[in-house]
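Novice: Have a look at this prediction, sequence included:
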Amino acid sequence: MDLMAEQQNHEWYSSLPGRGAVYDLTSTAMSGPSPEGRLRAVIMLGKSDDPRAVRPLMDLLGDRDRAIRGAAAIALGQLKSGRSVEVLLERLRDRNEDAEIRNLAIMALAAIRSTGALRGLREFIAETGEDPALRSSAGEHLSRLGTW
């Protein structure tokens, strides 16, 4: 994200009321009137460093909007909560899911670095019927972490 977009997102988030801001962001992310507003809310939930954002972001991994699903995966990687590992692994294993979203799930799991996340990535790599490019991506992320 470029600096201008980053600044705009910060200004948008800063304009929300301080008390309950995570709840306001969650409400906007889940059912806001505009796709752009929903996307900004998901991005800001990832930057919130608030554990209350994890559950709604996990739910948003199943959203019908591809951009929301991708932003939710990124946001969960930023929050690094082990609670999200299983839903990220489900998204990764879903062969009907867009390859880019599946790759974002790989990146989020690598960022979380929990035992379950790393084990799930190793199991994914071992699955010979999976997309070779995604298996390679998972291997690269594990290699960078020094766990492969």
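Specialist: That came in fine, so what should we check first?
Novice: quick one: contacts for the nearest residue to Glu100 once chain neighbours are set aside?
Specialist: Closest residue to Glu100 apart from its sequence neighbours, by Cβ to Cβ, 6 or more residues apart in numbering: Gly70 at 6.6 Å. Yep, even glycine has a C-beta here, placed from its N, CA and C like the rest. Contact partners of Gly70, counting by Cβ atoms under 8 Å, 6 or more residues apart in numbering, are Glu100, Ile101, Leu104.
Novice: Just the element for Gly70, please.
Specialist: Element membership for Gly70 (DSSP states H and E) is helix 66-79.
Novice: Show me which positions of the one helix or strand Leu142 maps to end up buried.
Specialist: Leu142 is part of helix 132-145, with elements assigned from DSSP H and E. Neighbour counts over helix 132-145 (16 or more other Cβ atoms under 10 Å) mark Leu134, Arg135, Ser137, Ala138, Gly139, His141, Leu142 as buried.
Novice: Make a markdown table out of those residues and add pLDDT and distance to Ala41.
Specialist: Listed next are those as a markdown table, based on pLDDT from 0 to 100; distance: Cβ to Cβ, whole Å:
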| residue | pLDDT | distance to Ala41 |
| --- | --- | --- |
| Leu134 | 98 | 28 |
| Arg135 | 98 | 33 |
| Ser137 | 98 | 28 |
| Ala138 | 98 | 29 |
| Gly139 | 97 | 33 |
| His141 | 97 | 27 |
| Leu142 | 96 | 31 |
